[in-house]
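>>> starting from these lines, generate the structure:
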Amino acid sequence: MSAATETLAHRNEALDAPVHIGAVSLRVRDLAGLTAFYRDAIGLSVLKQDADHAVLGAGGEPLVKLEAGAQHPSSAAGLFHMAILLPSRRDLGNWLRHAAETRTGLEGASNHLVSEALYLSDPEGNGIEVYRDRSRPEWPRLDGGRIKMATERLDLDALLRDAEPQAYAGMPDGTVMGHVHLRVGDVQQAEGFYRDALGFEVMVHYPGASFMATGGYHHHIAANTWHSHGAGPRRDNEAGLSSFELVARDAEAHAALSRRMAAAGGDDGSVVDPWGNRITLRP
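Just a heads-up that it's a prediction; the model follows:
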């Protein structure tokens, strides 16, 4: 990778937008076990911890919040995966080597043309993507300028060759929550909420899925019905996704999103989507 490309990769393309994703909160059964997993296997740092909560992140930025007290299994709707965005391809190679050394099992690895991604689940079945973005000038485009995405084989051997030789030091500063991917009951209904009500733009359609974003990113929020078609609202105190944050870049974007949340049936700081997934606006 050239120095220029590496510099572009460190921009964290997901944050170059009026609104991006903040921390994802999970309701869990085994708080101690999940805290250890996100610390040791994923490589996040424990920022805060008490008997009922743990906050983990990178560079002091909260990314994953764990809440004890799950009383019901997760239903069909909810989290498909949360996606942790690393600053560079070298960082992704470093994490892959760490996963191999710790025998952290992967469930998939894909070249999405705009990004390279590794997939796994935590011990309670919450999906996780660990990925890096290509720089925006590298993103392929269709006629008319729309982003082209695909799911192609990722060359893991080549990725490992980009890894650094020293011992893994955890996820680096500049790591962010790039996007959340949700299981929903109806894609058109999801677009009606996230696009029409909250103001996200539809960037890409896959069969049974929609990818939405602000600021021209490939996606901050995705919604699919691959295993959840027709799913209804989730119950209170279900395991899995508790909430996720939206973060506005400036006061104007914050005020606009706050108004949209209130108009969508919430208040000026939070709203619930049609499947009971709570979205909060970070102050």
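>>> run through the strands of the stretch 51-200 of the chain in chain order.
53-58, 61-68, 78-86, 108-111, 115-121, 127-133, 152-153, 176-183 (DSSP state E, counting those that start in this stretch).
>>> redo those strands as TSV? Include distance to residue 245 and mean neighbour count.
Where C-beta positions appear, they are placed from N, C-alpha and C, glycine not excepted. Output for these, formatted as TSV (distance: least, C-beta to C-beta, whole Å; neighbours: other C-beta atoms under 10 Å):
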stretch	distance to residue 245	mean neighbour count
strand 53-58	12	21
strand 61-68	9	21
strand 78-86	11	24
strand 108-111	26	15
strand 115-121	21	20
strand 127-133	17	23
strand 152-153	31	10
strand 176-183	8	24
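>>> quick one, helices of the protein?
3-9, 31-36, 89-101, 156-161, 187-191, 251-263 (DSSP state H).
>>> which residues sit against the fifth one?
By C-beta atoms under 8 Å, 6 or more residues apart in numbering, the surrounding residues in contact with helix 187-191 are 182, 184, 202, 208-210, 212, 223-225, 273-274.
>>> and that helix, which residues are buried?
Using 16 or more other C-beta atoms under 10 Å as the test for burial, helix 187-191 gives 187, 190-191.
>>> C-alpha coordinates for it, CSV please?
The C-alpha coordinates for helix 187-191 follow below in CSV (Å, rounded to 0.1, in the frame of the first residue of the first chain):
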residue,chain,number,x,y,z
VAL,A,187,-37.1,-3.7,3.9
GLN,A,188,-39.5,-1.1,2.5
GLN,A,189,-40.8,-0.4,6.0
ALA,A,190,-37.2,0.0,7.1
GLU,A,191,-36.5,2.5,4.3
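>>> could you pull up the contacting residues of residue 59?
172-175.
>>> which of the residues you listed sits closest to residue 235?
Distance to residue 235 across the contacts of residue 59 (C-beta to C-beta) is lowest for residue 175, with 32.2 Å.
>>> residues touching the closest one, list them.
Going by C-beta under 8 Å, 6+ apart, the list of residues near residue 175 reads 57-59, 61, 63, 84-87, 91.
>>> in JSON lines: those, plus pLDDT and distance to residue 16.
Converted to JSON lines, these look like this (pLDDT from 0 to 100; distance: C-beta to C-beta, whole Å):
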{"residue": "57", "pLDDT": "98", "distance to residue 16": "20"}
{"residue": "58", "pLDDT": "98", "distance to residue 16": "19"}
{"residue": "59", "pLDDT": "96", "distance to residue 16": "18"}
{"residue": "61", "pLDDT": "96", "distance to residue 16": "16"}
{"residue": "63", "pLDDT": "98", "distance to residue 16": "18"}
{"residue": "84", "pLDDT": "98", "distance to residue 16": "17"}
{"residue": "85", "pLDDT": "98", "distance to residue 16": "12"}
{"residue": "86", "pLDDT": "98", "distance to residue 16": "16"}
{"residue": "87", "pLDDT": "96", "distance to residue 16": "13"}
{"residue": "91", "pLDDT": "97", "distance to residue 16": "18"}
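>>> closest to residue 130 among those?
Distances from residue 130 to the contacts of residue 175, taken by C-beta to C-beta, are shortest for residue 84, at 5.2 Å.
>>> bridged to the closest one, which residues?
Counting by DSSP bridges, residue 84 is bridged to residue 130, residue 177.
>>> state the distance from it to residue 177.
Distance of residue 84 to residue 177, computed by C-beta to C-beta, to the nearest Å: 6 Å.
>>> what sits in contact with each of these two?
With C-beta under 8 Å, 6+ apart as the test, residue 84 and residue 177 both reach residue 63.
>>> surely residue 60 and residue 46 touch.
No - using C-beta atoms under 8 Å, residue 60 is not in contact with residue 46; the gap is 11.8 Å.
>>> would you turn the contacts of helix 187-191 into a markdown table with pLDDT and distance to residue 117?
Shown next, in a markdown table, are the contacts of helix 187-191 (pLDDT from 0 to 100; distance: C-beta to C-beta, whole Å):
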| residue | pLDDT | distance to residue 117 |
| --- | --- | --- |
| 182 | 98 | 17 |
| 184 | 98 | 21 |
| 202 | 97 | 20 |
| 208 | 97 | 19 |
| 209 | 98 | 15 |
| 210 | 98 | 18 |
| 212 | 98 | 18 |
| 223 | 98 | 18 |
| 224 | 98 | 15 |
| 225 | 98 | 21 |
| 273 | 98 | 24 |
| 274 | 98 | 27 |
